[in-house]
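Asker: Structure of the sequence below:
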Amino acid sequence: MIKAVFCDVDNTLTSSKTRTIPASALEAIQKARKNGVRVFVATGRHTRTYEEGKILQGIALDGYVAVNGQLCYLPDDTIIHKAVLDPQDVTVVLRLAEELNFACGLVETDKIYLTKIDENVRSFHEMIKIPLPMVTSPDGAASRDVLSVAPYIDYETELQITPYLRNSEIVRFNPYNCDVIPREGGKDVGMQAVLDYFGVPIEQAMAIGDGQNDISMLKAAGIGVTIGQCSPEVMAAADYHAPEADEDGIWHTFEKFGII
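Answerer: Predicted structure coming up:
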C-alpha cells in the first residue's frame, strides 16, 4: 500500500504546454491526503524562493524535496535535510564558466542568483515561465553553503567539465542547463530523508517524474512512474508509464494504484 508520493514538478505535475498544474492533479493531491497518503514534491526547483515556489502556493502538501534533493523541508519551513557542494567543485565550475564563457546559476539556502544572462538562460526561463533571478558576483560563494550550481551549457560542454568535478555529479532535465550536485546527493537521497523523518518504508513510496534527474528516485521508490514524453533511459527506470499531465496523468496514476 502506498503511504507517500513524491512528484516532480516541471512536465510532471505541470503541463508541458501551459506550464500550469491541471485541476485534475490538484484534486488528486487533495483526495490522496484526505485518504491518509502523504504527498511531496521532488523537484530541481528551489521552492523556498518566491519565483520558483510560486506555482505551488496554495497547494496543501506534506513537504518539499527541493534542489534535486539537496534541501528538504516541511510546510512550516523546518529544514529536515540539507546537503552542500564541495567548495572546491564550486570554485572549479566558476573557473570553467569564465574560461568557456557560460552562465551559471548558484543556489544557496535562501536565494538563487546568476553570474550573467545569455541565450541559454533566456531560453530556459522562457520555457519554464520563471522570472530571471538577479545577476550578482559569485565572489565568496565557495565559502558559503552552495546547494547546487546550474551551468547553462549544452551536452558537449557538460562532457568537458565533468572530469574536473571531485565530489559532484551532473543531472539534467532540459537542453539549456544542468545541475551540479553532490555525488552522494540526488532526489533519491532527499526522498529517503523525508521517509525516515515520517517513518515510512521506501517500499510504500511512489515516485513520479519525467527527466534524467528523476531516475534515482524512480529506481529507489517502491513504485516508480514516468509521465508524458520521456527518454528511453528514464522510461527504463520506472515500473509504470502514465499519460501526460494535460491528459490527467496524475489523477490516472493515483486512481490506478488505489491512492484515491
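Asker: Which residue ranges of the stretch 1-150 of the chain form strands?
Answerer: 4-7, 38-42, 63-66, 71-73, 79-82, 104-108, 111-114, 134-135, 146-151 (DSSP state E, counting those that start in this stretch).
Asker: Reformat the ones you listed as CSV; add distance to Ser123 and mean pLDDT.
Answerer: C-beta here means a position set from N, CA and C on the backbone, and glycine is covered the same way. CSV is the format used below for those (distance: least, CB to CB, whole Å; pLDDT from 0 to 100):
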stretch, distance to Ser123, mean pLDDT
strand 4-7, 25, 98
strand 38-42, 24, 98
strand 63-66, 23, 98
strand 71-73, 26, 98
strand 79-82, 30, 97
strand 104-108, 13, 97
strand 111-114, 14, 96
strand 134-135, 16, 97
strand 146-151, 13, 98
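Asker: can I get those in CSV with distance to Met127 and mean neighbour count?
Answerer: Output for those, formatted as CSV (distance: least, CB to CB, whole Å; neighbours: other CB atoms under 10 Å):
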stretch, distance to Met127, mean neighbour count
strand 4-7, 20, 27
strand 38-42, 19, 24
strand 63-66, 19, 27
strand 71-73, 23, 23
strand 79-82, 28, 16
strand 104-108, 14, 23
strand 111-114, 16, 18
strand 134-135, 19, 10
strand 146-151, 14, 25
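Asker: Relative to Gln229, which of those strands is closest?
Answerer: Nearest to Gln229 among the strands of the stretch 1-150 of the chain is strand 4-7; the distance by CB to CB comes to 16.8 Å.
Asker: Direction included, what does that closest one pair up with?
Answerer: Strand 4-7 has its sheet partners listed here by DSSP bridges as strand 38-42 (parallel), strand 205-209 (parallel).
Asker: In CSV, could you pull the C-alpha coordinates for it?
Answerer: The C-alpha coordinates for strand 4-7 follow below in CSV (Å, rounded to 0.1, in the frame of the first residue of the first chain):
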residue,chain,number,x,y,z
ALA,A,4,3.8,8.6,0.4
VAL,A,5,4.1,10.1,-3.1
PHE,A,6,7.0,12.1,-4.4
CYS,A,7,6.1,14.1,-7.5
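Asker: rewinding a little: reformat the strands paired with strand 4-7 as JSON lines; add distance to Thr226.
Answerer: As requested, the strands paired with strand 4-7 are exported to JSON lines (distance: least, CB to CB, whole Å):
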{"stretch": "strand 38-42", "distance to Thr226": "14"}
{"stretch": "strand 205-209", "distance to Thr226": "7"}
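Asker: The ones you listed: which one's closest to Leu147?
Answerer: Closest among the strands paired with strand 4-7, using CB to CB: strand 38-42, at 14.5 Å.
Asker: Now do that closest one: distance to the chain's middle.
Answerer: 12 Å (CA atoms, centre = their mean, to the nearest Å).
Asker: Could you number the chain from 628 rather than 1 from now on?
Answerer: Yep, numbering from 628; the last one is strand 665-669 now.
Asker: Residues touching that strand, excluding its own?
Answerer: The contact list for strand 665-669 (CB atoms under 8 Å, 6 or more residues apart in numbering) reads 630-636, 640, 656, 659-660, 674, 683, 688-693, 696, 814, 817-818, 821, 825, 827, 834, 836, 841, 844.
Asker: List buried residues within these.
Answerer: Taking 16 or more other CB atoms under 10 Å as the criterion, what is buried in those is 630-636, 640, 656, 659-660, 674, 683, 688-693, 696, 814, 817-818, 821, 827, 834, 836, 841, 844.
Asker: ok, the residue of the chain positioned farthest from its centre to Phe884 distance?
Answerer: Most distant from the centre of the chain: Glu726, at 28.0 Å, with distances by CA atoms, centre = their mean. According to CB to CB, to the nearest Å, Glu726 stands 49 Å off from Phe884.
Asker: next one: Leu712
Answerer: Taken as CB to CB, the span from Leu712 to Phe884 is 36 Å.
Asker: Give me the more crowded residue out of the two.
Answerer: Counted by other CB atoms under 10 Å, Leu712 and Phe884 do not tie: Leu712 has more neighbours, with 27 against 16.
Asker: Return the distance of stretch 664-677 from the chain's centre.
Answerer: The chain centre lies 8 Å from the centre of stretch 664-677; the measure is CA atoms, centre = their mean.
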